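> fold the following for me, if possible:
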Amino acid sequence: MALSDEFLQELKSRNDIVEVISSYVNLQKAGRLYKGRCPFHHEKTPSFCVYPDTQSFYCFGCHVGGEIINFIKKAENLDYIDAVKFLAKRAGIDMPKDNFKNNDNTVRQRRIYEINRETAKFFYHSLMSVNGTSALTYLRKRGLTDKTIRHFGLGYAPNSFKLIDYLRSKGFGEEELIQSNVAYVSRNGHLVSRFFDRVMFPILDLRGNVIAFGGRIMGDGKPKYLNTADTPVFSKSRQLFALNFAKNIQGRELILAEGYMDVISLHQAGFENAVATLGTSLTEQQAGLIHRYADEVIICYDSDDAGRTATERAITILRKTGLKVRVLTIPHAKDPDEFMKSYGDKGPVMFKVILEQSAMDIDYRLDKLRNKYNIATTQGKIDYLTQASEIIATSDNPIERNLYISTLSEKFGIEKSSIEERIAGKLKKAKFQQADREINQRKALTLAENDTINPEKKDNLLGANAEEYIIASLMNNPDMCQYIGSNIKTTDFVTAFNKRVFTFVMSRLTDGKSAELLFFSQEFTEQEIAYITAYVSENSAKHFSKSSLNNCINILKKESEQKIRKKPSEMSDDDVGELFSKYSKSKR
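Prediction:
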């Protein structure tokens, strides 16, 4: 879509980047910028930065960055135009008239959304028809009210080909139905429905779009649950059932259940902050999604062996995100749905009681570990305390660790120092491993060996850094356009990528247009924009001076005339240090 500069400027001015990102990330002010834990990867130490002055963001952990549209694209899994529409709607701005051709991917996604919406309507009407009597009876026997059935849009997939006929009557083609995964081609070449004779659970994204379906068989057949496969609008490892409802509940706490029925029963009972994974074990992407809307998670999985194994795995993944984790042990029942039914009308009250009594994840793991060993024996005590120490060491909070150490010391009548020594060793090892990773990352960054966006940088390090400073100076101080343009040419640039950036910025500024990151999307990829964001934002933190700019211009001119005799990738650590020392002095 050919969006005007005026429209994009208004879009940016009405969507302050700090305000928008604050609804996804817990940001803390740190000088001129804001920092938080990245919503796109898992980290313990915040490396996600938001720069109000440049209205940009960048994560130094996963190297994702850009301006507000880039953020919404990634956070909401949208294409460029839909991200613009998202922000326009948020700000109450009308979109320009469509005078463009949509790209193929956008058209495909929109058609799948339309197919899913029509399919959900078809399933719901089927449930309420004579043919859906058995499915409706099944849901009511499971304790669901008609209000709950309507709220979640539950439905029934009939044992027929009526869905395909219905969708064809709406103008959808065979290939579209296959792409949306509501149908597939059978061995005999016929197009058949994916879901037959099942109770249907529509899966919605955070904007309320139907993106997929889960179907449960009503008898004893296999598979018990059948889910939509991944499509252009759905990835089961990145979505959570009922998060579209749970995210609106006050309080940053979510209940993580195991299945659709558990979540629906919990919502009906008043626990509307319940969510579930979609037929898979919890993934890191889902944990990151949870962290956007919660600071604490209560794991409420089934009480069988599979549920306990899944709980252990979920604890590890959720802990990595920095979330507080509690575990709900359901007494005398397999799952929350069964537990509440066993108490009749008092079910919600009783569930609230055990919910409030849910144990911290370390308590849960220590109790489970204790059942594994015979602590009446010396060897059993040694094995238990050894592994208990490793569990306690997973806590980042020294106060929390000290409390558990004191408890174990009192229970087993041993010196605290013995447990502390064991934990200290574990923490030291982890610290060394983290330090090694950081050293390797810094070294890779310094030598630019892993630079795929500007691969020439590793062999032209001094010149490339000077180029970045010049471009940042130009973008942060557009009034310097004429001065920079008269003192350096594109032919002076030693790396092709930075030459392309410089040419683009100079072209816009000389035409009297803005050269903010907001306008880069049609010329550069997301990865390239993130790369540019990093050096523009970081250089904007330094006090701009004309002398620093002149030094970089002189460096670049010299580098373009005579390439660095010795490649940085071939230099020793001392050589690299001397190179950067000279570079730093030249900028003073």
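> make it CA atoms for all contacts and neighbour counts henceforth
Noted.
> okay, now the unreliable bits of the stretch 351-500 of the chain?
Residue ranges of the stretch 351-500 of the chain with pLDDT under 70: 426-450.
> can you get me a residue count around Glu561?
Neighbourhood size, Glu561 [other CA atoms under 10 Å]: 11.
> repeat for Ala534
Ala534: 23 neighbours (other CA under 10 Å).
> nearest residue to it other than its sequence neighbours?
Tyr58 (6.1 Å; CA to CA, 6 or more residues apart in numbering).
> give the next helix or strand downstream of the host helix or strand of that neighbour.
Element membership of Tyr58 [criterion: DSSP states H and E] is strand 56-59. Where DSSP H and E defines the elements, the next helix or strand beyond strand 56-59 is strand 65-66.
> check which helices and strands that following strand sits against.
strand 56-59, helix 526-540 (3 or more CA pairs under 8 Å, 6 or more residues apart in numbering; DSSP states H and E).
> what sits up against it?
56-59, 71, 517, 526-527, 529-534 (CA atoms under 8 Å, 6 or more residues apart in numbering).
> most widely separated two among these?
Within the contacts of strand 65-66, Cys59 and Leu517 form the most distant pair, 16.0 Å apart (CA to CA).
> sketch out the low-pLDDT regions of the stretch 1-150 of the chain for me.
Low-confidence segments of the stretch 1-150 of the chain (pLDDT under 70): 1-2, 98-106.
> what are the boundaries of the helices in it?
Under the criterion DSSP state H, counting those that start in this stretch, the stretch 1-150 of the chain carries helices at the ranges 5-13, 17-22, 68-76, 80-91, 104-127, 133-141, 146-152.
> out of the ones you listed, which is the most enclosed?
helix 68-76 (a mean of 20; mean count of other CA atoms under 10 Å).
> how big is the angle separating it from helix 5-13?
Interaxial angle of helix 68-76 relative to helix 5-13 (axes from the mean of the first three to the mean of the last three CA atoms, to 10 degrees): 60 degrees.
> packing partners of helix 68-76?
strand 56-59, helix 80-91.
> which one of those lies nearest to Lys372?
With CA to CA as the yardstick, what comes closest out of the helices and strands packed on helix 68-76 is strand 56-59 (42.1 Å).
> and the gap between the closest residue to Phe57 other than its chain neighbours and Lys558?
Excluding its sequence neighbours, the residue lying closest to Phe57 (CA to CA, 6+ apart) is Val50, at 4.3 Å. From Val50 over to Lys558 the distance is 35 Å, taken as CA to CA, to the nearest Å.
> these two: who's more crowded?
Val50 (29 against 14).
> quick one: the strands in the stretch 301-450 of the chain?
324-327, 359-360 (DSSP state E, counting those that start in this stretch).
> pick the most deeply packed of those.
Between the strands of the stretch 301-450 of the chain, strand 324-327 has the highest mean count of neighbours, a mean of 22, where neighbours are mean count of other CA under 10 Å.
> how far out from the middle of the chain is it?
20 Å (CA atoms, centre = their mean, to the nearest Å).
> would you format the helices and strands packed on helix 68-76 as JSON lines with distance to Leu33 included?
Formatted as JSON lines, those follow (distance: least, CA to CA, whole Å):
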{"stretch": "strand 56-59", "distance to Leu33": "10"}
{"stretch": "helix 80-91", "distance to Leu33": "22"}
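> between those, which gets nearest to His151?
His151 lies closest to helix 80-91 among the helices and strands packed on helix 68-76, at 24.3 Å (CA to CA).
> same for that closest one, what does it pack against?
helix 5-13, helix 68-76.
> distance from the chain centre to the last one, please.
Spelled out, it's helix 68-76. The answer for helix 68-76 is 11 Å, by CA atoms, centre = their mean.
> now do it: everything it contacts.
12, 15, 17, 21, 39-40, 55-57, 65, 78-80, 82-84, 86-87, 206, 518, 526.
> same deal with the first one?
By CA under 8 Å, 6+ apart, the list of residues contacting helix 5-13 from outside reads 68, 87-88, 91, 93, 513, 518-519.
> and for stretch 257-269?
Here stretch 257-269 makes contact (CA under 8 Å, 6+ apart) with 143-144, 148, 152, 201, 241-242, 272-279, 299-302, 335-337, 348.
> count of neighbours near Asp79?
So Asp79, with other CA under 10 Å, has 17 neighbours.
> ramachandran coordinates for it?
Asp79 adopts backbone torsions of phi -80, psi 180, taken as degrees, to the nearest 10.
> so what pairs up with the nearest residue to Tyr124 once chain neighbours are set aside in the strands?
Take Tyr124 and drop its neighbours on the chain: the residue closest to it by CA to CA, 6+ apart is Gly155, 4.0 Å away. On the basis of DSSP bridges, Gly155 is bridged to Met200.
> my read is that Gly155 contacts Ala120, right?
Yes. Using CA atoms under 8 Å, Gly155 makes contact with Ala120 at a distance of 7.2 Å.
> so which bits of stretch 410-420 are buried?
Neighbour-count burial for stretch 410-420, counted by 16 or more other CA atoms under 10 Å, picks out 419-420.
> between the two ends of that stretch, how far is it?
Start-to-end span of stretch 410-420 (CA to CA) is 14 Å.
> equivalent analysis for stretch 236-246, please.
18 Å.
> stretch 273-282 now?
Start-to-end, stretch 273-282 (CA to CA) is 17 Å.
> pLDDT of it, averaged?
Throughout stretch 273-282, pLDDT has a mean value of 89.
> stretch 318-335 now?
87.
> what does stretch 548-561 give?
Averaging pLDDT along stretch 548-561 yields 87.
> mind listing what's buried in it?
Buried positions in stretch 548-561, judged by neighbour count with 16+ other CA under 10 Å: 548-557, 559-560.
> same question for stretch 182-192.
Counting neighbours by 16+ other CA under 10 Å, one finds that the buried residues in stretch 182-192 are 182-184, 191-192.
> strands - which of those land there?
Among the buried residues of stretch 182-192, the members found in strands (DSSP state E) are 183-184, 191-192.
> and the residues you listed as TSV, adding pLDDT and distance to Arg111?
Below are these laid out as TSV (pLDDT from 0 to 100; distance: CA to CA, whole Å):
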residue	pLDDT	distance to Arg111
Ala183	94	14
Tyr184	92	17
Leu191	92	18
Val192	92	19
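> hang on, the earlier thing: of all the helices of the stretch 1-150 of the chain, which one is nearest Tyr343?
Nearest of the helices of the stretch 1-150 of the chain (CA to CA): helix 133-141, 15.7 Å.
> got the CA positions of that closest one in CSV?
Below are the C-alpha coordinates for helix 133-141, written out as CSV (Å, rounded to 0.1, in the frame of the first residue of the first chain):
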residue,chain,number,x,y,z
THR,A,133,-28.5,-32.9,19.5
SER,A,134,-26.0,-35.5,20.6
ALA,A,135,-23.1,-33.0,20.8
LEU,A,136,-25.2,-30.4,22.6
THR,A,137,-26.3,-33.1,25.1
TYR,A,138,-22.7,-34.1,25.6
LEU,A,139,-21.6,-30.5,26.4
ARG,A,140,-24.5,-30.0,28.8
LYS,A,141,-23.7,-33.3,30.5
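> quick one: Asp337 and Thr231, what's the gap?
In terms of CA to CA, Asp337 sits 31 Å off from Thr231.
> swap in Ile299?
28 Å.
> show me which of those two is the more surrounded one.
Between Ile299 and Thr231, counted using other CA under 10 Å, Ile299 has the larger neighbour count: 27 against 16.
> how about the more buried one, what does it touch?
Contacts of Ile299 by CA under 8 Å, 6+ apart are 255-257, 311, 314, 325-328.
> redo that, cut-off 7 Å
By CA atoms under 7 Å, 6 or more residues apart in numbering, Ile299 lies in contact with 255-257, 311, 326-328.
> wait, which of those residues is closest to Asp492?
Looking across the contacts of Ile299 and measuring by CA to CA, the closest to Asp492 is Leu256, at 57.1 Å.
> burial count for that closest one?
Residues near Leu256, counting by other CA under 10 Å: 26.
> with Ile532 instead?
23.
> again, but for Gly512
Counted with other CA under 10 Å, the neighbours of Gly512 add up to 10.
> assumed it was part of a helix.
No. Counting by DSSP: H, G, I helix; E, B strand; the rest coil, Gly512 is not found in a helix; it is coil.
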